[in-house]
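1. Need coordinates for the following:
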Amino acid sequence: MKRPALLLVAVALATAGALTGCGSTHVTDSGSATGTPDPQVSASISTVQQEAEENRKRELAEADRRFPDIAKLCQGKSTAAPTAAPPTAAAGGTDPENSKYAENHAYLQTVNLTDSQRCRGEAHTARITAAAAKHTPADEAQARTLLTGLDYPGATLSASGDGVHFDLSVPGSGGCLSGVLSGAGRIEVHGVYLEGGCARPHGGH
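-> Purely as a prediction, here's the structure:
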């Protein structure tokens, strides 16, 4: 998945935080000093964000050209990211072991999907599942042929005892598909992992 512009946004935001923390200060009427944002940093962030948005629109337009049926199906779906629900007491409680587990598995968190991303992910899932049901790949070579024929050349593949697993960045969407290439519909639509990419990261302790 193409993410250079998004990475630039992250770098710019981090730089802004650093520079703002040590930037110029002024004294208010009450005598307290407050930090003021650096205009140059703010302008740089705005430029990077604008470039990222333009890149996203170009990639989405290209994906819609390649997959017009999916574009039509998901037209009008919201692109606003949903707000993540805060953790509840029932999920973690006050047990320190539960908190430790959550902390150790934070690397598995993913970015929330928009309605548009979920719609496109589910549509691509149906497309892949239907093709795999007709010709279930027995190895990575057959899986690569199947996915390339469906116009998904960038998928990551790994053969296992239960079939060929794959991870795929949904074209133009920013969402991900992960699962097994079979006709059983064993494919998950999810957001990019916070550590980056669509493949399940290795981490924790």
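2. and the nearest residue to residue 183 once chain neighbours are set aside, how many neighbours?
-> Of all residues not flanking residue 183 in the chain, residue 133 sits nearest, at 2.7 Å (CB to CB, 6 or more residues apart in numbering). C-betas here are computed from N, CA, C, even on glycine. Here the number of neighbours of residue 133 (other CB atoms under 10 Å) works out to 13.
3. Touching, residue 133 and residue 181? I think so.
-> No: checked against CB atoms under 8 Å, the pair residue 133 and residue 181 is beyond contact range at 9.8 Å.
4. now for the longest strand belonging to the chain, which elements pack on it?
-> The strand that spans the most residues within the chain, counting by DSSP state E, is strand 163-169. Based on contacts counted as 3 or more CB pairs under 8 Å, 6 or more residues apart in numbering; DSSP states H and E, the elements that strand 163-169 packs against are helix 140-149, strand 156-160, strand 176-180.
5. which neighbours does the second one have in its sheet, and in what orientation?
-> Partner strands and pairing direction for strand 156-160 (DSSP bridges) are strand 163-169 (antiparallel).
6. what mean pLDDT does the longest helix along the chain have?
-> Within the chain, and with DSSP state H defining each element, the longest helix by residue count is helix 39-66. Averaging pLDDT along helix 39-66 yields 86.
7. again with stretch 146-165
-> Averaging pLDDT along stretch 146-165 yields 95.
8. what's next to it, contact-wise?
-> Taking contacts as CB atoms under 8 Å, 6 or more residues apart in numbering, the residues outside stretch 146-165 that touch it are 1, 66-67, 124, 127-128, 131-132, 135-140, 142-144, 166-169, 171, 178-182, 198-199.
9. how about 7 Å then?
-> Stretch 146-165 is touched from outside by 66, 127-128, 131-132, 135, 137, 139-140, 143-144, 166-169, 180-182, 199, with contacts defined as CB atoms under 7 Å, 6 or more residues apart in numbering.
10. before we move on, what about stretch 185-201?
-> Taking CB under 7 Å, 6+ apart as the criterion, the residues outside stretch 185-201 that touch it are 1, 107, 109-113, 118, 121-122, 125, 128-129, 156, 167-169, 174-180.
11. Please list only the buried members of those.
-> For the contacts of stretch 185-201, a burial check counting by 16 or more other CB atoms under 10 Å picks out 1, 111, 113, 118, 121-122, 125, 128-129, 167-169, 174-180.
12. rewinding a little: assumed the residue nearest to residue 183 was part of a helix.
-> Yes: looking at residue 133 with DSSP: H, G, I helix; E, B strand; the rest coil, it is inside a helix.
13. mind checking pLDDT for it?
-> The predicted structure lists residue 133 with a pLDDT of 94.
14. which stretches of this structure have low pLDDT?
-> Using pLDDT under 70 as the threshold, the predicted model of the chain has low-confidence ranges 1-37, 81-105, 203-205.
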